[in-house]
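J.: no letters, just coordinates:
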């Protein structure tokens, strides 16, 4: 990578982080998941949810909550109007992948948005490019070889565009319910393996976006606890530290759709374990309850809800980032590397 590309990546990372070098970002690049929330609130099929509802909701979230975030993650399909509504000084990440995956193809293979490239995302205003990848160390070598090559190509594309590459790893195992006990038993292994693999320099990933390595509803003392715990608090902390020790590049946590209280609990575990995470990209935990407000009461009510409950949610997450590690403390940061 050229010196100018490295400088460009470092500028991009600085733009999406706060002044301490910590990513305190808001994620609302959801498309099918957001459409499902609207469908439930509207009591209609997801395919009947108007696109304009997604656009307007994202705009409101961006305008009200980005003054409290270092950046916002959006999609170029419905999120560009929201990007224009973000607070001055808030960075912008844009998603490169199509939403969801083809259930008729084994392995949850990645697909890119048509008519977009890393350079086009940068030209649209992105300070960084994000790619979501479903990844399991238990998938076949054939499936994972395809995914490895795919990420290498995107890494090279981002390097050419001098754009930081954020890789979001969504852990899964074929034939298992990701919220079930069987998957919870192997989740630490799969999260750690993904971090280990994509920390390798050949992928040119700048920041990994990962879930906590435990199912938080199965940790003793969790606000989401339901039945007999799988992990004690100390065991969960040990697993957080174990996964974190696999990282050779900065990594941040995603909320995986849990409640705000549960996500805070997870961040507290990671902090107490001295996990060296560099921040968050927090999505539904912050704003999902606003969907029903918008559907039932309209845009003004949503703005009021976001200004109250939404801000309280995002600030509660921000308080959990006091002990986060600045991205530039990683030796391999922004060398893409």
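T.: Ah, there it is. As the structure is a computational prediction, the values presented were derived from the model and not from experiment.
J.: which residues does residue 281 bridge with?
T.: Following DSSP bridges, residue 281 is listed with bridge partners residue 25, residue 254.
J.: for residue 252, see how far away it is.
T.: For residue 281, the distance to residue 252 (C-beta to C-beta, to the nearest Å) stands at 6 Å. C-beta: built from backbone N, CA, C; applies to glycine.
J.: between those two, which contacts overlap?
T.: Listed as contacting both residue 281 and residue 252 by C-beta atoms under 8 Å, 6 or more residues apart in numbering are 23, 25, 209.
J.: got CSV for those, with neighbour count, distance to residue 95 and pLDDT too?
T.: Formatted as CSV, those follow (neighbours: other C-beta atoms under 10 Å; distance: C-beta to C-beta, whole Å; pLDDT from 0 to 100):
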residue, neighbour count, distance to residue 95, pLDDT
23, 30, 16, 98
25, 28, 13, 98
209, 26, 11, 98
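J.: which single one of those is nearest to residue 46?
T.: Nearest to residue 46 among the shared contacts of residue 281 and residue 252 is residue 209, at 25.0 Å by C-beta to C-beta.
J.: tell me which stretches of the chain form helices.
T.: 3-16, 32-42, 51-65, 80-84, 118-123, 141-160, 181-198, 233-244, 260-272, 284-287, 290-297, 299-305, 311-318 (DSSP state H).
J.: and the contacts of the shortest one?
T.: It stands for helix 284-287. Under C-beta under 8 Å, 6+ apart, the answer for helix 284-287 is 26, 28, 30, 33, 37, 61, 65, 255, 257-260, 262-263, 306, 310, 313-314, 317.
J.: now the buried members of the residues you listed.
T.: Among the contacts of helix 284-287, those buried by neighbour count (16 or more other C-beta atoms under 10 Å) are 26, 28, 30, 37, 61, 65, 255, 258-260, 262-263, 306, 310, 313-314, 317.
J.: give me the buried stretch members for stretch 30-39, please.
T.: Of all the residues in stretch 30-39, those buried under the rule 16+ other C-beta under 10 Å are 30, 31, 34, 35, 37, 38, 39.
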